[in-house]
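S.K.: Just the structure for this:
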Amino acid sequence: MERYIGRIWVALLVVALGVVVVVQGDALAAAVVAADERPFLTALMQLGILYIVALFVERSLEVLLKAWRQGGKTRLEAAVRAADKDGGAAAQTALREYRAGTQRRALLAGLTLGLLVSLSGVRLLGPIFDLAAASAFQQAVFQFTDIILTAGLIAGGSATIHELMALIDDFLRASRKRAKP
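M.R.: Alright, predicted model coming up:
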């Protein structure tokens, strides 16, 4: 059971999110940043906002995880330093497993914070696309996808969002060069 706790946690979050999207419907409107006729510019603005949010989430997770997990890490590092050759390998393995556990917890906590931020209205796709003509089901699926995508981007951290922004910027520059006579 303990081996699957991460999967269970993610599944429960997805089910809870689905229930919230269905129950709340139109009340889950995304916070819109002046969408206009230039969807790439709007996408870059949204990515910039998500970049700043991801920086805040990363920093808060760093502080929380240090407060929560630093004591165990320090004890294991001391055990590695104190261990002789025979016990050193076991202590190294325990330290690696502890670090892997911390990374798993950080990812799940980041995803949880990303979901909360996305549910509060900070989203990537909502301001870019106009779904006025879509059915209620399509709008609910779109909102659900937008929430999951935004939460994943925030959980992935600011480096992921920065790479995505650079990719879009490169695409726009190449398009401008081709458009000029």
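
S.K.: The helix or strand of the chain with the lowest mean pLDDT: what's the following helix or strand?
M.R.: Least confident helix or strand, the chain: helix 5-24 with a mean of 70, by mean pLDDT, DSSP states H and E. Next helix or strand after helix 5-24 toward the C-terminus (DSSP states H and E): helix 39-82.

S.K.: tell me the angle the very next helix or strand once past that following helix makes with helix 39-82.
M.R.: Scanning forward in sequence from helix 39-82 by DSSP H and E, the next helix or strand is helix 85-119. Calculated by axes from the mean of the first three to the mean of the last three CA atoms, to 10 degrees, helix 85-119 forms an angle of 160 degrees with helix 39-82.

S.K.: Buried residues of helix 85-119, list them for me.
M.R.: 91, 94-95, 98, 102, 105-115, 117-119 (16 or more other CB atoms under 10 Å). From N, CA and C alone the C-beta is placed, and that goes for glycine too.

S.K.: packing partners for it?
M.R.: The contact analysis (3 or more CB pairs under 8 Å, 6 or more residues apart in numbering; DSSP states H and E) places helix 85-119 against helix 5-24, helix 39-82, helix 136-156.

S.K.: and of the ones you listed, who's closest to Leu167?
M.R.: Leu167 lies closest, by CB to CB, to one member of the helices and strands packed on helix 85-119: helix 39-82, at 9.9 Å.
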